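J.: take this sequence and fold it.
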Amino acid sequence: MAQQIGAYTVKQAKRIWDAVQAFERSGTASKGLFQPYTPTPIYFVNKSTETIPPYGCTQMIGASELDGTTYIEVDRPFDYTDSVMGPFLLNGPGECLPDEIGTAQWGPVFRARKDSSNYDTGTRMGPVASSFDLAKGCLFTFIGNDDQETDLIKVIACETPLLAIATNGIGANTSGTVTAKAPSSGNWAAGSVTYTAWNPTGVAIASAALCVLFPIDAKWVALELC
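T.: Predicted coordinates:
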């Protein structure tokens with residue numbers, strides 16, 4: 001006869017079952033044999049003079065090593081001290097004071113802060129000068145608002161080109177407004193979302209000309225299609 005180890009009341013058994021379920025839902029354990037994968041944290045050092053808010057957008061400016069751990073050095077966009085515009089990282093849920101260590105999000109879907117404007121799903125977003133927010137631009141695509149707080153959104157990393165119309169043309173070596181074309185069956189249709197794009201060449205882009213927009217150094221660069 002098997003030895004009885006112990007017995008529980010109905011109330012005790014329910015408490016144990018509720019605790020097991022809560023532990024599994026927390027993501028620290030699973031019902032199967034495999035433990036959930038926890039990615040290695042992406043550590044950064046805040047080299048700006050500002051406090052990085054939760055989910056704020058930062059720009060990589062370098063890297064340093066301390067006790068065998070590499071820390072990415074970040075600043076507030078835009079920092080032009082390097083010859084290459086560094087990647088942009090989105091801070092995690094905690095603020096990061098100057099010279100302190102923070103943890104960036106892995107992605108490809110991120111939480112981010114935005115300016116006070118409202119955006120439609122699919123709008124391209126990018127860093128804002130002298131800010132930790134995102135606004136209409138390039139490098140990310142707006143998915144939707146996050147209900148945790150006002151002006152907190154969800155975005156996905158995206159660096160694909162766009163087709164657009166140079167609304168009133170773009171002069172040589174300057175910027176102008178373009179209207180992105182909308183995808184449709186068989187071809188592209190007229191769109192309504194506008195962006196600022198740069199013409200880096202010495203030749204002006206004609207009014208209403210069809211262009212391809214490429215994300216370069218966190219700016220849209222327009223090249224006219226002939």
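J.: please state the offset of stretch 39-56 from the chain centre?
T.: 13 Å (CA atoms, centre = their mean, to the nearest Å).
J.: run through the neighbouring helices and strands of the strand of greatest length in the chain.
T.: Ranked by residue count, the top strand of the chain under DSSP state E comes out as strand 57-66. Applying 3 or more CB pairs under 8 Å, 6 or more residues apart in numbering; DSSP states H and E, one finds that strand 57-66 makes contact with strand 42-46, strand 69-75, strand 88-90. Yep, even glycine has a C-beta here, placed from its N, CA and C like the rest.
J.: would you map the helices across the chain?
T.: With DSSP state H as the criterion, the chain has helices at 10-25.
J.: which residues of it score low on pLDDT?
T.: Residues of the chain that meet the criterion pLDDT under 70 lie in 1-14, 21, 24-38.
J.: how's it carved up into domains?
T.: What automatic domain parsing lists as the domains of the chain is 42-158, 162-224.
J.: would you list the ones you listed in a markdown table and tack on mean neighbour count?
T.: Shown next, in a markdown table, are those (neighbours: other CB atoms under 10 Å):
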| stretch | mean neighbour count |
| --- | --- |
| domain 42-158 | 17 |
| domain 162-224 | 16 |
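J.: turn those domains into CSV, including distance to A19.
T.: Output for the domains of the chain, formatted as CSV (distance: least, CB to CB, whole Å):
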stretch, distance to A19
domain 42-158, 26
domain 162-224, 48
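J.: for the ones you listed, which one sits closest to I16?
T.: Closest to I16 of the domains of the chain is domain 42-158 (CB to CB; 31.4 Å).
J.: what's stretch 134-147 in contact with?
T.: Outside stretch 134-147, the residues that touch it by CB atoms under 8 Å, 6 or more residues apart in numbering are 57, 88, 109-115, 117, 119-128, 152-159, 193, 195-196, 213, 215, 218-220.
J.: if you could redo that for stretch 154-163, that was the one I meant.
T.: Applying CB under 8 Å, 6+ apart, the contact partners of stretch 154-163 are 107-112, 124-125, 134, 138-146, 180-181, 188, 195, 210-215, 220.
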